[in-house]
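A.B. asks: fold the stuff below for me.
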Amino acid sequence: MDDGRLAADEVYKHYRRLVGEPVPPALDVALCWTVVVPDVGTVPLTVEGIGTRLSAGAGHEAHGAAGLDVVDLPDYRLNPPPVAVDRAGAAIVLYGLDHLGVPPAVTRPLSTNARVYNAWWNVNSVNHLSLAVDGEVLLSIDGLFPGRPEDHPNLAWWPELTAISGFFLDYEDTAWTGRDDNWDWQAGFLTGIELATGVRLDRRWLNAEHPYLTFSGPVTH
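C.D. replies: From the prediction side, this is the model:
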């Protein structure tokens, strides 16, 4: 096993612990975690700029830092719900907006002059791990039915996924039965994003306060 695979296994162990922690928020139940990485040499991303991309002209409001309860337990009169947004070096991270789990309507505008890495799942284990680049969704992988590397022609855009032990199936799932190997696909999703971006989701981030956005109209378009 080479150094890249060893590093991937350590990151995977971190996320397996994080997803399994019995403290709120319940990451094993539902999560939307997105990292937007700007192209080199482009204008730096800002929280306001992300709000403009998400609102698509419908209007948005940026709010000061608050705990994630404002996202995890939102005011249901707000539709779409709020999203936590913060900086992570040159990248911007977004947490908790369910709509972000539905590409390409949201990830396409987010990916203008950028790469958008998105992990999403809900209480019913409906899920995907996606990558959008410059307005085009290049990858969308189901954690329960990931197939083999050769099933994903754009995988070269996200080579870090192949360094994760067990991410892809090692057999052709002709019966479409999915995983039965106790591999933690949720931890695998988050591992893939960290390996590609260097951005880590951890308990410290989850316990901290972050700016958040609210919207005047539909985020999808």
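A.B. asks: what's residue 18 in contact with, if anything?
C.D. replies: 27, 187, 190, 201-203 (C-beta atoms under 8 Å, 6 or more residues apart in numbering). In short, each C-beta sits where N, CA and C put it, glycine included.
A.B. asks: pLDDT score assigned to it?
C.D. replies: What the model reports for residue 18 is a pLDDT of 98.
A.B. asks: that one belongs to a strand?
C.D. replies: No. Assignment of residue 18 by DSSP: H, G, I helix; E, B strand; the rest coil gives helix, placing it outside any strand.
A.B. asks: roughly how far does residue 169 sit from residue 38?
C.D. replies: 33 Å (C-beta to C-beta, to the nearest Å).
A.B. asks: roughly how far is stretch 37-46 from the heart of the chain?
C.D. replies: 18 Å (C-alpha atoms, centre = their mean, to the nearest Å).
A.B. asks: ok, residue 62 - contacts?
C.D. replies: Taking C-beta under 8 Å, 6+ apart as the criterion, residue 62 is in contact with 47-48, 51, 85, 211-213.
A.B. asks: and the host helix or strand of it, which residues are buried?
C.D. replies: Using DSSP states H and E, residue 62 maps to strand 60-66. Using 16 or more other C-beta atoms under 10 Å as the test for burial, strand 60-66 gives residue 60.
A.B. asks: now for the very next helix or strand once past that strand, which elements pack on it?
C.D. replies: Per DSSP H and E, the first helix or strand lying C-terminal to strand 60-66 is helix 69-72. With contacts taken as 3 or more C-beta pairs under 8 Å, 6 or more residues apart in numbering; DSSP states H and E, helix 69-72 sits against strand 83-88.
A.B. asks: the strand it packs on pairs with which strands, parallel or anti?
C.D. replies: Strand 83-88 pairs in its sheet with strand 91-95 (antiparallel), strand 210-215 (antiparallel), by DSSP bridges.
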